[in-house]
Structure formats: C-alpha cells, structure tokens
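Student: Show me how the following folds:
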Amino acid sequence: MSRLWTVIREELAGLHLRLLLARLVLWPLPLHVGSRVRVYILRLAGFDIGPGTLMWGTPTITGDRGLVRRLHIGAHCWLNAGVWFNAGAEIIIGDRVAIGQQAMILTQTHDLDSAARRAGALRAASVRIGAGAWLGARCLLLPGVTVGEGAVVAAGAVVAHDVAPHTMVGGVPARVLRELSPGADLGRGFDAGPGGALPVATDTASGRPDVPAA
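Tutor: Residues are numbered from 1 along each chain as shown. Okay, the predicted model is just below:
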C-alpha cells in the first residue's frame, strides 16, 4: 500500500489545482485576444504580476509544489504566445520586459552523472531578467543565468551564461553581438498588437534590419 501511495504522489506531483483551473478558464481565448484577462486570471491563481502587463497567449508554467510563489513578473511587460516558464526555482522578471513567441526559461537541470545514466540528480537555479530586456522568439535561457537590464537576446539564442546590461547576444551558445548604448534611440518600437510579434533592431544609419530578435 505504501508503494501505491508513493506512486500516486509522484504521478500527481506536477498537479497544481489553481493553475489548472486558470488554464481551464483561459482555454477558450484565441491567441492575441484577452491579454489583460489572462493576467487577471493568473493573478487570481496567486501569481505575482505587475500592473500594465499583457499576455498574448497563456504561458506554460511548470515546476514543483509552490511554483506560484516562484514566478514574479514586473510591470508593463508583455509576453507573446507560447512562452514557457520552468519555475523549479525563482524566475524574476523586471519591469518593461518583452518576451517573444515560444521563448523558454528553464530553472531545472540534471547533474552530469555516470555512463549508466548521464542525467543525474535534479537541481534548480534561479533566473533573473533585468528591466527593459528583450527576449527574442524561441530563445532559451538555461538555469542560473541573469540577463542584465536593457539587454537583447536574439531569436533562437541559447543563453548559458550571464548577459551584461545593454548588450545584444545571439547564437548557440549565445555570444556578444554588439554593445547597446543605454538610453540611446536605436530606432526600435514595440508593436503589441495582434499582428506584431517583436520588433527588429534597426540600423538607424541605413534603415536596414540589424539583428532580428523575433
């Protein structure tokens, strides 16, 4: 009987009733519809989300018991469709952060173990994203990284190390592409409407796209 209860606990460990109810309520909403409704319902479920934040799709949120207390999203952020938060440890997102389609933020990984099973013990490390940062579509942030204030992570980048403030990174693994001047007008804007994914960084001298981040 004890073995049965152990199996039941393991099978239900990822079940979070408040999050499940929130997803059921939000399920009928099409993408790019009801961005404020999503935020309101997730707040009711217990998540810490600042004022003015918009969600164009309901994010996938995973993690152990207590995940509601580990995800913090600042004010005036916006998240596009398909964003994935693995909240095994704290995810702290500053104000005015933009997150592109299907971006993934992970806080859990496995230690490298013996040849019998290389994926060893599970461990978690928090992820922090500074105010004003921009995460491009399908980028991946690995456990323990910090993305500095005003930084840009290009689309598809895999971030395994900290990103300095006001720096643009891209590639696999992510490397520095250029330094960004704090407060400078780089010719970028945010189109938060249904047709807008994320803007493209523009070379203001030529008017040509620089490094697409979505």
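
Student: Any regions of this protein where pLDDT drops low?
Tutor: Counting by pLDDT under 70, the chain shows low-confidence ranges at 10, 12, 14, 184-214.

Student: Nearest spatial neighbour of the residue positioned nearest the centre of it, chain-adjacent residues omitted?
Tutor: Centroid-nearest residue in the chain, with Cα atoms, centre = their mean: Ile105, separated by 4.6 Å. Sequence neighbours aside, Leu141 is the residue nearest to Ile105 in space, at 4.7 Å (criterion: Cβ to Cβ, 6 or more residues apart in numbering). Yep, even glycine has a C-beta here, placed from its N, CA and C like the rest.

Student: quick one, what contacts that neighbour?
Tutor: Ala103, Met104, Ile105, Leu106, Val127, Ile129, Leu135, Val147, Val153, Val159 (Cβ atoms under 8 Å, 6 or more residues apart in numbering).

Student: Would you agree the residue nearest to the centre of the chain is in contact with Phe85?
Tutor: Yes - in this structure Ile105 lies within contact range of Phe85 using Cβ atoms under 8 Å: 5.4 Å.

Student: Compute the number of surrounding residues for the closest residue to Ala137 other than its chain neighbours.
Tutor: Excluding the flanking residues, the one nearest Ala137 by Cβ to Cβ, 6+ apart is Gly100, at 3.7 Å. Around Gly100 there are 25 other residues, counting by other Cβ atoms under 10 Å.
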